[in-house]
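> Just to be clear, the model below is a prediction. Sequence and coordinates:
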Amino acid sequence: MILVVHLYKRLMRKGRVISLLALASVPGLVFWLAGFDADPASQEALYSDILAGAGYSYAIAVLILTVATLREERDGGTLPYIYMRPIPRVTLAAWSIVAGIAAALTIALGGWLATVLSTWAVGADLSITLPGLSLFVAAAVGYAAIFVPLGYLLPRSLLVGLGYIIVIESILARAVSGLAQFSIWRISLSIYADLAPVFGTEATEILEPVSSGVGGGVLKLTATLALGMITLTLALQRRDAL
Amino acid sequence: MTDTVTTTSLSKWFGPKVAVSEVTIGFGPGVTGLLGPNGAGKTTLMRVVAGLQRPSQGEVSVLGENPRKTPAIYKQMALVPEDEAIYERLTARQFITLAAQLARVSDPEANTRRVLETVDLVDSADRRLEGFSKGMRQRAKVAAALVSDPEVLLLDEPLNGADPVQRAALIKLFGELGSAGRTVIVSSHVLAEVERMAGRVVAMVDGRLAAVGSVEAIRAAMTDRPRQVFVECSDPRALAAGLIESDGVVGLHVSEGQLRIEASDAGAVALALPALALSKDVSITRLEPSDESLESVFRYLVEAR
């Protein structure tokens, strides 16, 4: 756990946290601006639409945060201080991903709280925000599982990650159904859609061909986590640690 | 004595650049100095031995284990990297305690106090590392390496930035660790310091081993090079005239009050000199070998390549 705390603290620098919280709060801000004009009956649907659409800003915030988990150690020349320790590589990989998830969850909580605040500000029913937490949490876990290894492996991981979110997830995945199955955002939305029934019809269009369901979504996230763990463990074992 | 660190036909290349080439060597308890000009491959060799870089070819063994495959070895091995990189936001105490905790040292706080005293950083222990001078950072890094009481200590330019007093203290410390049976491998470009702290020298040039052994042994083995003897005397010309026909003398350089003799057999020349000086009525005020230092030996090795 020492390693998790160390990596987490290193990630959560004040300036970075403030700017990433601001980025993750975009859905909340958009809902606050749009929610005043919406009639109470449609506020829940509006909340879901905004989360599904503007939520990419949160995905980008998680990307910026989690790729830095080991990349900063590598670029800063401090990796030997954690690599040259009697820690099995699989444990080192696991703790690194856990640290990335913990940091992403902190931002997730901030982003979700922003939606709660804006819901309160526009006078909507606060209960509509509860399922939203699942979207933030699922995306935090899923993105951290792929972006922590990516950050370790590639010097330009931020650009590659942005390419994944912007090009693959938000553009190509709409056109190529096979790619949609590998979209962390859609997997996270599939969990949210199952918990927010009003999002139902809308979700079918957004998620297609991914079907909504907590069980399936959690399973896919677990597989993503396992894949991230294996990739990072192999990278730590086989690549130069500098 | 058994080698604790060995490399067998070790090579490391980066694309077309060969950083370390076919290095087979063993390091045992005591202090070994790793010498070489910039780009000789010292740092790469250290990093490969430390397990930070994968060998392109060959093998590394530390206490019988391959560090790339057995991370548990890091309980007994530590590296002080050459880079200045350090956790700037931590205090020296936090940095060393973190190292102790990650190395699973029992009672990390007590061991942190111990090594802070060893490197004389007690007074600055609670200051952030970002405010440390280069020399203080080096000492903090050395302390972090020592906190797990390692059997094998790799020190890459550990004296960089340290002031003369600190240098002397660190050299003494490394010597003590070597005397206590630890394997200490120190790379440095300050030859005089290596000469002071290391009983054995490993010289590298262009990624290859150029020489291994004590400075004297390496120099003695360089039979193709004449030894130089420096003489300070009252009449160097007279002395040179007497020596010119002597066996073993291959060159003479005369300057005001000084004579530099190049000899294939320096011992014989040294023995002949007193009688010759007496016969020529020349008084000798100083007589010493002028190329026995590590710097001279190393210069020869580099020139020989």
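The structure has been received and is ready for your questions. Numbering: from 1, shown residues only, chains lettered A, B, ... in the order given.

> Verify the contact between residue B:182 and residue B:146 for me.
No: between residue B:182 and residue B:146 there is no contact under C-beta atoms under 8 Å: 9.8 Å. (Glycine included, C-beta is placed from N, CA and C.)

> Strands along chain B, start to end?
Using DSSP state E, the strands of chain B run over B:5-14, B:17-27, B:30-35, B:57-62, B:77-80, B:152-156, B:183-187, B:200-205, B:208-213, B:227-233, B:249-255, B:258-263, B:284-289.

> Average pLDDT for the first one, rounded please.
Here strand B:5-14 scores 95 as its mean pLDDT.

> quick one on the thing from earlier: residues bridging contact with residue B:182 and residue B:146, i.e. touching both?
Contact with both residue B:182 and residue B:146 is made by residues residue B:153, according to C-beta atoms under 8 Å, 6 or more residues apart in numbering or on different chains.

> any idea how far chain B is from residue A:50?
Distance from residue A:50 to chain B, counting by C-beta to the nearest C-beta, to the nearest Å: 37 Å.

> repeat for residue A:148
Here the criterion is C-beta to the nearest C-beta. By it, residue A:148 lies 18 Å from chain B.

> and that residue, how far is that from residue A:163?
Remark: distance between residue A:148 and residue A:163 (C-beta to C-beta, to the nearest Å) = 17 Å.

> Looking at those two, which has the bigger crowd around it?
Just comparing residue A:148 and residue A:163: by other C-beta atoms under 10 Å in any protein chain shown the higher neighbour count belongs to residue A:148, 32 against 12.

> Now the helix or strand harbouring the more buried one - C-alpha only, CSV.
Per DSSP states H and E, residue A:148 falls inside helix A:130-153. Taking Å, rounded to 0.1, in the frame of the first residue of the first chain, the C-alpha atoms of helix A:130-153 are listed here in CSV:
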residue,chain,number,x,y,z
LEU,A,130,-27.4,8.8,-8.1
PRO,A,131,-27.1,6.4,-11.2
GLY,A,132,-24.7,9.0,-12.6
LEU,A,133,-22.2,8.0,-10.0
SER,A,134,-21.9,4.6,-11.6
LEU,A,135,-20.9,6.1,-14.9
PHE,A,136,-18.1,8.1,-13.3
VAL,A,137,-16.9,5.2,-11.3
ALA,A,138,-17.0,2.7,-14.1
ALA,A,139,-15.2,5.0,-16.5
ALA,A,140,-12.5,5.7,-13.8
VAL,A,141,-11.8,2.0,-13.4
GLY,A,142,-11.9,1.2,-17.1
TYR,A,143,-9.8,4.2,-18.3
ALA,A,144,-7.2,3.7,-15.5
ALA,A,145,-6.8,0.1,-16.5
ILE,A,146,-5.7,1.0,-20.0
PHE,A,147,-4.1,4.4,-19.5
VAL,A,148,-1.7,3.4,-16.7
PRO,A,149,0.0,0.7,-18.8
LEU,A,150,-0.2,3.0,-21.9
GLY,A,151,1.6,5.8,-19.9
TYR,A,152,4.3,3.4,-18.9
LEU,A,153,4.8,2.1,-22.4
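
> buried set for the next helix or strand after it?
Sequence-wise, the next helix or strand downstream of helix A:130-153 (DSSP H and E) is helix A:157-162. Neighbour-count burial for helix A:157-162, counted by 16 or more other C-beta atoms under 10 Å in any protein chain shown, picks out A:157, A:158, A:160, A:161, A:162.

> Same check on stretch B:92-112?
Neighbour counts using 16+ other C-beta under 10 Å place B:92-103, B:105, B:108, B:111-112 of stretch B:92-112 among the buried residues.

> these two touch, right, residue B:255 and residue B:233?
No: in this structure, residue B:255 is not within contact of residue B:233 by C-beta under 8 Å, at 11.5 Å.

> So for the two, which sits in the more crowded spot?
residue B:233 (21 against 8).

> dump the residue contacts of the residue lying closest to the more buried one once chain neighbours are set aside.
Closest residue to residue B:233 apart from its sequence neighbours, by C-beta to C-beta, 6 or more residues apart in numbering or on different chains: residue B:284 at 4.6 Å. By C-beta under 8 Å, 6+ apart, the residues touching residue B:284 are B:231, B:232, B:233, B:239, B:273, B:274, B:277.

> CSV for the strands of chain B, including distance to residue A:8?
Converted to CSV, those look like this (distance: least, C-beta to C-beta, whole Å):
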stretch, distance to residue A:8
strand B:5-14, 33
strand B:17-27, 35
strand B:30-35, 37
strand B:57-62, 31
strand B:77-80, 25
strand B:152-156, 29
strand B:183-187, 34
strand B:200-205, 41
strand B:208-213, 44
strand B:227-233, 62
strand B:249-255, 67
strand B:258-263, 65
strand B:284-289, 60
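
> and residue B:108, how far is that from residue A:142?
Plainly put, residue B:108 is 35 Å away from residue A:142 if you go by C-beta to C-beta.

> list the helices and strands the longest helix along chain A packs on?
In chain A, assigned by DSSP state H, the helix with the most residues is helix A:89-121. Counting contacts by 3 or more C-beta pairs under 8 Å, 6 or more residues apart in numbering or on different chains; DSSP states H and E, helix A:89-121 is packed against helix A:2-11, helix A:14-24, helix A:26-35, helix A:43-54, helix A:56-66, helix A:68-75, helix A:130-153, helix A:214-238.
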